[in-house]
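**Student:** could you look at this predicted model? Sequence included:
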Amino acid sequence: MKTTLHKSQERGHADHGWLKTYHSFSFANFYNPAKTQFGLLRVLNDDYVAAGMGFGMHPHDNMEIVTIPLSGALQHRDSMGNTSIIRKGDIQIMSAGTGIKHSEYNPSNSEAVTLLQIWVFPKIDDVAPRYEQKTFSAQGRQNHFETVVAPNNPEAVFINQDAWFSLGNFNAGRATTYTINKEGNGLYVFVISGSIEVNGQVINQRDAVGITEASSIELKSLAESEVLIIEVPMN
């Protein structure tokens, strides 16, 4: 097993007033040659969007884009005609494929929205664009991991890649095992809140650890914690 710790304070950061964002990997004006991607995981942005603000219509292609709201609400519109509101508990994915335009806007007059936006390179390029979202109950992941994004699970949102996203909420002192879905994949373990120990290494809020050459990992929650595991091919 090989591990690489990514401390939260080492992420790229930009403060545009209405948008405060942290970049786990090189993005926009942040460039770190040691942090361009983790396998086929290209972007993990940790965003705060002020009330009444957002991203105007802009294009994407050949990327799997997953949005995980953490608080507040985000309004989505796209060139396929989809219009929706996503909140904490929802998972949204766009397969940009041959090309799509979308906007993301905070419709609240008073409440900010916080979210993770994650980009994964697709398995097959130039597919027809598609959009999907599902709502998951927090009770469904209490003290264990729930798969919310997968290529082969009808209970999850579909991704055009051999990648799996799993979320778990853990009480302090709880331990669990995560077993890899596909041999050769790597794991990017991101602590949304709280503190955990992974194979003896402590990972705190907004820290992450990249793990390769492992078939499973042991996690122990050191406090009330919410954890995201992104399993992706390494090449």
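**Tutor:** Looks like it arrived, so ask away.
**Student:** quick one: contacts for residue 218?
**Tutor:** Counting by C-beta atoms under 8 Å, 6 or more residues apart in numbering, residue 218 makes contact with 175-177, 198-199. In this view, the C-beta of every residue, glycine as well, is placed from N, C-alpha and C.
**Student:** residue contacts, the residue nearest the centre of the chain?
**Tutor:** The chain has residue 118 as the residue nearest its centroid, 4.5 Å off, counting by C-alpha atoms, centre = their mean. Residues near residue 118 by C-beta under 8 Å, 6+ apart: 41, 43-45, 65-68, 165, 230.
**Student:** wait, which of the residues you listed is closest to residue 29?
**Tutor:** Nearest to residue 29, judged by C-beta to C-beta, of the contacts of residue 118 is residue 45 at 12.9 Å.
**Student:** can you tell me the element that closest one falls in?
**Tutor:** For residue 45, the element it lies in under DSSP states H and E is strand 41-49.
**Student:** and the angle from the helix or strand just after that strand to strand 41-49?
**Tutor:** The helix or strand immediately downstream of strand 41-49 is strand 54-60, counting by DSSP H and E. Calculated by axes from the mean of the first three to the mean of the last three C-alpha atoms, to 10 degrees, strand 54-60 forms an angle of 160 degrees with strand 41-49.
**Student:** what separates strand 54-60 from the chain centre, distance-wise?
**Tutor:** Here strand 54-60 is found 19 Å from its chain centre; the criterion is C-alpha atoms, centre = their mean, to the nearest Å.
**Student:** listing partners with orientation, what would you give for whichever helix or strand comes after it?
**Tutor:** Using DSSP H and E, the helix or strand that follows strand 54-60 in sequence is strand 64-71. Note on strand 64-71: by DSSP bridges, its sheet partners are strand 90-95 (antiparallel), strand 113-120 (antiparallel).
**Student:** can you list the domain ranges for the protein.
**Tutor:** Per automatic domain parsing, the structural domains of the chain span 11-135, 138-232.
**Student:** may I see the buried residues of stretch 93-112?
**Tutor:** 93-97, 100, 102, 104-106, 108, 112 (16 or more other C-beta atoms under 10 Å).
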